[in-house]
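# Take this sequence and fold it.
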Amino acid sequence: MTANTGTPLTAWIAGVGFVSPGLPDWPTALAVLRGEQAWVSAPTVLPTPSILPAAERRRASRVIKLAIGLGLEAAAGADVSTLATVFTASGSDGHNCHALCEQLASDDRHVSPTRFHNSVHNAPAGYWGIAVRSMAPCQVLCAHDGSFGAGLLDSLAQVVLDHQDTLLMAYDSEYPEPLFSIRPLPDCAGVGLRLEPEHSTQSLARLTAWTTDAPAPAWNHPLEPLRAAIPVLRALPLLELLAQGRSGEVCLDYLPGLQIAARLEFSA
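Numbers count the residues shown, from 1 in each chain. So this is what the prediction gives:
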């Protein structure tokens, strides 16, 4: 791996959330990444956002359910209301966007308030704040296919600079046709990481990341079709190291000509 092009940032991973096609949670993904069971492709099963009040739960879209589920799984055991948060996605709510376009293309162009407020990129962050009554700092990012990397770097920077526990929720949502032909994501998926500035009893591994111009190598794994198809799952090589408890380095796709090098260490 070539010399880094950015300042290394370090934090401790204290929790993981995961949802993808055929993998409804982190324990299931853990078993597949360890080679203990085979991956079977299946439509993504979204968690029920029971933490939301009933009215907001009825209005919650697919991407909102996804983001909240990731956050709650990654933050298990923590006071979620105190965690700084970073939400990052390559797009907004694909199904809601499709419905809005259909409405605007019809004779009746009146858009419902629920459709409208669910269409904005920061809708999951708003629902999260309502659900956990959070007053902690919150960032909402988008960097197209590099959105996981942007969110990871932003989360690490907050941990390092503010010395605050930070929860990363990175996710992608599919679009129906005809938008699907332009942005062909097969299904929704996401990764949640709880990051801490210091080692604790919940620490899983120490993560250090920096940007690099080294190309990301091929990933030879049965989950490669998922990694290649859904941008947020560029994180899978890093999660494989974490699942297997192996110290080491991986290089993750980020922006054109720029990748993220990530090192995991399991010594306290």
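# make it CA atoms for all contacts and neighbour counts henceforth
Will do.
# can you give me the offset of stretch 137-152 from its chain's centre?
Between the centre of stretch 137-152 and the centre of its chain there are 9 Å (CA atoms, centre = their mean, to the nearest Å).
# Which residues does it contact?
Here stretch 137-152 makes contact (CA atoms under 8 Å, 6 or more residues apart in numbering) with 83-91, 121-122, 125, 168, 170-171, 231-232, 234-235, 252-255, 260.
# Give me the mean pLDDT for that stretch.
The average of the pLDDT scores along stretch 137-152 is 96.
# and the residue sitting nearest the centre point of the chain, backbone torsions?
With distances taken as CA atoms, centre = their mean, Ala170 lies nearest the centre of the chain, 1.8 Å away. The phi and psi values for Ala170, taken as degrees, to the nearest 10, are phi -120, psi 130.
# Hmm, it is touching Thr88, no?
Yes - contact criterion CA atoms under 8 Å: Ala170 and Thr88 qualify, at 4.8 Å.
# circling back: which of the contacts of stretch 137-152 fall within strands?
If you go by DSSP state E, those have 84-89, 168, 170-171, 252-255, 260 in strands.
# Output the below-cut-off pLDDT ranges for the stretch 151-268 of the chain.
Applying pLDDT under 70 to the stretch 151-268 of the chain picks out residues 268.
# can you pull out the strands in it?
Per DSSP state E, counting those that start in this stretch, the stretch 151-268 of the chain carries strands over the ranges 166-172, 189-196, 205-212, 248-255, 258-265.
# on contacts alone, who are the packing partners of the shortest one?
So the one you mean is strand 166-172. Using 3 or more CA pairs under 8 Å, 6 or more residues apart in numbering; DSSP states H and E, the elements in contact with strand 166-172 are helix 62-74, strand 84-89, helix 147-162, strand 189-196.
# from the chain's centre, how far out does the first one sit?
On the basis of CA atoms, centre = their mean, helix 62-74 is displaced by 9 Å from the centre of the chain it belongs to.
# and if you look at the longest one?
A distance of 12 Å separates the centroid of the chain from that of helix 147-162, by CA atoms, centre = their mean.
# switch to numbering from 55
All right, first residue 55 from here; so that's helix 201-216.
# longest strand of this structure?
As assigned by DSSP E, the longest strand anywhere in the chain is strand 63-73.
# export the helices and strands packed on strand 220-226 to CSV and tack on mean neighbour count?
As requested, the helices and strands packed on strand 220-226 are arranged in CSV below (neighbours: other CA atoms under 10 Å):
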stretch, mean neighbour count
helix 116-128, 26
strand 138-143, 28
helix 201-216, 22
strand 243-250, 28
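# Figure out which of these is closest to His152.
Within these, the stretch nearest His152 is helix 116-128; the backing value is 12.9 Å (CA to CA).
# for the stretch 55-204 of the chain, what spans make up the helices?
With helices called from DSSP state H, counting those that start in this stretch, the stretch 55-204 of the chain shows them at 80-87, 108-113, 116-128, 148-158, 167-173, 177-186, 201-216.
# With respect to Val70, which of those helices lies nearest?
Closest to Val70 of those, according to CA to CA: helix 116-128, at 4.1 Å.
# by how many degrees do that closest one and strand 63-73 diverge?
Orientation of helix 116-128 against strand 63-73 (axes from the mean of the first three to the mean of the last three CA atoms, to 10 degrees) gives an angle of 120 degrees.
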